[in-house]
Each structure stands twice: as C-alpha cells, then as structure tokens.
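need a 3D model of the following:
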Amino acid sequence: MSLQLEEAQRIKNLPPYLFARIEKLIAAKRKAGVDVISLGIGDPDMPTPGHIIEELQKQAEVPANHQYPSSVGMLSYRQAVARWYQNRFGVELNPDSEIVSVIGSKEGIAHIAWCYLNPGDTVLVPDPGYPVYAGGAILAGAEPYYMPLEAEKGFLPDLGAIPADVARRAKMMFINYPNNPTGAVAGEEFYQEVIAFARENNILICHDAAYSEMSYDGYKPPSFLQFQGAIDVGIEFHSVSKSYNMTGWRIGWAAGHPAVVEALGRLKSNIDSGQFQAVQYAAIKGLTGPQDDVSKMQKIYQERRDILVDALNGMGWSLTKPKATFYVWAPVPAGHTSESFAELVLEKAGVVITPGTGYGENGAGFFRIALTVQKERMIEALERMKQNIGTVKF
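Alright, predicted model coming up:
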C-alpha cells in the first residue's frame, strides 16, 4: 500500500519553476520531430575557457581536494574574489569577514531568506524578477511584497510608491541590475536612493549582480558595493556562471555586510559542506587569470543582440538595444497575452521564447528572448518568425 503523504505547506506555496516547464515543453516538441530552436533559457552556449578547465583537471588529481571543503569557501578563493572586486570596481573587501562562498548565487539567494525572515515577515521583491527571490522567501514562510518594474520608470522600482506601513514591516529587499528579465541597468542615483531607503526603514538590501560582466557598447555596470554606505545595509551576490560560461560548475559568493556574511555562512555550515575545492581553484583561475575571454564573449553577445533587435524592429517592434545582460525584453503584439504569443511562436515557428508572466504578474504583456544560441541558429529562428508570423502591430 502506498504512503499517503501530504506536502509541507511551504512546498505547496511554491509555484512551478518556470524553466522546468519550458524544458518539458521543448522535450515534447522535439519528441514529436520538431526542430526546436530555444531562445528561452539564459544558459551560455559557449564553452568554459580552456585555462579554467585545465586548472580543474590539475586540482582534481590532488588528494587533499577530495576531502570535505570549508562551508564558507577556501580563504584563497575568497581572496581571489576580493582581488577581483578591487580590480573591477575599486571596492576593498576583507576576505575573512566580508565574503562567503555559495554553491552558485541561486543557492545563496534562496538561503539568505532563512537567515533573516520569520513566518509572516515581509520581503520586497521586484516584479518582474528572478523567481528565486520570492521562492526563497516563501520557503522561509515570509510574504513577498511585489515592487512593479515598469518601462516608463526604466524598470526601476518606485521606492516612493511603497506604502509606509509595508516599508516599516519589510526586513529585506531584492534588487538586480543589470536586470533579468528586462535588461535594464541602474546608476548611482538609484543605488543611493536604495541605500537611504534601507537606512530609513532598517531593511537589508540583497543585490544580485550576476550580469555585471555581460555589457555592451563600452558600458561598465557598477557594483552596489562601490557606493558609499552600501556595505552598511546590504550584500551582493555574484558568481562565475555568466562571466566565464560556468553555469554548471555551481560556484559563487555573497559579499558585503560582515554580520550578514557570517549569518549566511553559519546557516550553510548546517546545510551543506561547501563546494568541491577543485572547482574553487578553477574559479580562482577564472577570476585572477586573463580576462580576454570575457571581452570576446561580450562581442559575440553584442553581435547577436544587434541581429535580434534589428530583426524584431524590422517585423514591427520598436526596441532599444539593451546595454547589458544577454536578454531582450519585448512587448507582445496586439491581441495577445504573453502565453498566447509564446504558444504561437512555438507552434508556427518552432521557436521557444519565455512568456513574461513567468517572472511575475507585471511581466504580463511581455516576452523574453535569450541571446544564448549561435548566430546562425538565431538568424534561422528570426527568419522562421518573420515567415510564419509576419509583421506585427501594437
């Protein structure tokens, strides 16, 4: 007789993870013989640079690396992160107290909620936004308050529109620039406003900077931590995933406020045993080695961005080319919802795009395209859309 098991309420409260649904949809179409071109998931298609792979191979041969690692990360790894922040942003960090390793920034983003949120607490979450911001809070029993990101405001949250009672209750705020899914960027004025808001309301800021090295046309995204007072009110999550095409390697960090870094490290010491040391050594090689591959990658994505935006504009859109991320965020044509247009594109053209509602209610009326396919396949996908969907109207 089968067990009659009831899921915990925290699991029942979780929505299905967006990309899991997309992967099932792609698999079903391919099983039916459709040559699907997926522009849906932001997973780099280029290989990890060779010198990083060679370091992994070398370190995997070292017996000492086969033992339990430190849950907060090797000191040499944290020192490499600190040097990278100094070189890239001019930010000085103490590797002993202001940096902790995470098993990919996704893991840290989910777990930081467990450190500071109790059942019934409020967390401020961007909408549209990366689903894990809300997901981690829900697992902690907290209640997300969604901050609308609107095109008219540059996809920046309007902090002045947050009700005073909500701001007083809130314990944490997630922000993410360069932004997934919109591709928006933020400048010093916004970050200073966030820092002042955090101080006034005693709110911990958690900045997701995963796309800081995915930028174009000479633009260099800032770090939240480079602005005065930021380290007093928050932390920044980052990783080597997008910067060095290492999404599957699962290695990143949280950096900033020492007490927050310590709390996250303490939580992790009770949950995981850290990341395989050979992977940490490989990440060190990426962070401290030549950065030529990052520049090459940016040029490739910029070319794809230009091809994509020019083609969509030729079909009736009026898009501005994003300065950063490898995403293009676009409105759906008249008469469509996010879901109906994504379904149309898949059925008519065999191309997967991501409906904006997968990132929250305020993603309604938009879709996201990732630049993570080779140029030739992207051109083919766009040609299919042009031939099978034609000119669109808004």
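
for the chain, which segments count as helices?
For the chain, the helices defined by DSSP state H occupy 9-12, 18-31, 50-60, 75-89, 105-116, 131-139, 164-169, 188-201, 230-233, 258-269, 277-288, 292-314, 338-349, 375-388.

the second one versus helix 131-139: what angle between them?
What that stands for is helix 18-31. Angle, helix 18-31 to helix 131-139, by axes from the mean of the first three to the mean of the last three C-alpha atoms, to 10 degrees: 120 degrees.

likewise for the fourth one?
Helix 75-89 and helix 131-139 meet at an angle of 130 degrees, taking the same axes, to 10 degrees as the criterion.

got the buried residues for helix 75-89?
Within helix 75-89, the residues that count as buried by 16 or more other C-beta atoms under 10 Å are Tyr77, Arg78, Gln79, Ala80, Val81, Ala82, Trp84, Tyr85, Arg88, Phe89. Every C-beta, even on glycine, is put in place using the N, C-alpha and C of the backbone.

tell me the one of these nearest Glu303?
For the buried residues of helix 75-89, the closest approach to Glu303 (C-beta to C-beta) belongs to Arg88, at 23.6 Å.

what sits closest to that closest one if chain neighbours are left out?
Excluding the flanking residues, the one nearest Arg88 by C-beta to C-beta, 6 or more residues apart in numbering is Ser223, at 7.5 Å.

just the pLDDT for the one you found.
Ser223 is assigned a predicted lDDT (pLDDT) of 98.

contacting residues for it?
Ser223 is in contact with Tyr85, Arg88, Phe89, Val91, Ala209, Ser212, Glu236, counting by C-beta atoms under 8 Å, 6 or more residues apart in numbering.

what of Glu380?
Counting by C-beta under 8 Å, 6+ apart, Glu380 touches Ile37.

separation between it and Asp45?
Using C-beta to C-beta, to the nearest Å, Glu380 is found at 14 Å from Asp45.

now Asn313
24 Å.

can you pull out the low-pLDDT segments for this structure?
Within the chain, the ranges that satisfy pLDDT under 70 run 17-19, 21.

and the residue lying closest to Gln79 once chain neighbours are set aside, its phi and psi?
Distances taken as C-beta to C-beta, 6+ apart place Pro95 nearest to Gln79, at 4.6 Å, with adjacent residues excluded. Pro95 adopts backbone torsions of phi -60, psi -20, taken as degrees, to the nearest 10.

mind listing what Pro95 touches?
Counting by C-beta under 8 Å, 6+ apart, Pro95 touches Leu75, Arg78, Gln79, Val81, Ala82.

before we move on, what about Ile109?
Each residue near Ile109 by C-beta under 8 Å, 6+ apart is listed here: Tyr130, Val132, Tyr133, Gly136, Phe174, Cys206, Asp208, Phe237.

again, 6 Å this time
Val132, Phe237 (C-beta atoms under 6 Å, 6 or more residues apart in numbering).

same question for Leu156.
With C-beta under 6 Å, 6+ apart, Leu156 has these contacts: Phe190.

mind checking how far it is from Val185?
On the measure of C-beta to C-beta, Leu156 and Val185 end up 9 Å apart.

one more: Gln192?
15 Å.

between those two, who's got more neighbours?
Val185 (22 against 14; other C-beta atoms under 10 Å).

do I have it right that that one meets Pro322?
No: the pair Val185 and Pro322 does not pass the contact test of C-beta atoms under 6 Å, sitting 8.0 Å apart.

can you check which residues contact both of those two?
Contacts common to Val185 and Pro322, judged by C-beta under 6 Å, 6+ apart, are absent.

so Ile235 bridges to which residues?
In this entry, Ile235 is beta-bridged to Cys206, Gly256, by DSSP bridges.

burial count for it?
Ile235 - counted by other C-beta under 10 Å - has 28 other residues nearby.

I'd assumed Ala259 was in contact with it.
No: contact criterion C-beta under 6 Å: Ile235 and Ala259 do not qualify, at 9.9 Å.

domain ranges for this protein?
9-47+292-388, 64-288 (automatic domain parsing).

chain center to the longest one: distance?
What that stands for is domain 64-288. 10 Å (C-alpha atoms, centre = their mean, to the nearest Å).

and it, end to end?
End-to-end distance of domain 64-288 (C-alpha to C-alpha, to the nearest Å): 22 Å.

quick one: contacts for Gly365?
Counting by C-beta under 6 Å, 6+ apart, Gly365 touches Pro331, Val332.

try 7 Å
Contacts for Gly365 (C-beta atoms under 7 Å, 6 or more residues apart in numbering) come out as Pro331, Val332, Ser338, Gly356.

how close does it get to Gly314?
21 Å.

any idea how many residues pack against Asn65?
17.

now Asp96
With other C-beta under 10 Å as criterion, Asp96 counts 13.

try the one 4 residues further on
Val100 has 29 neighbours, counted by other C-beta under 10 Å.

isn't it up against Leu267?
No: Val100 is beyond contact range of Leu267, at 9.8 Å (criterion: C-beta atoms under 7 Å).

now stretch 179-193: buried residues?
Applying 16+ other C-beta under 10 Å to stretch 179-193 flags Asn179, Asn180, Pro181, Thr182, Gly183, Ala184, Val185, Ala186, Phe190, Tyr191 as buried.
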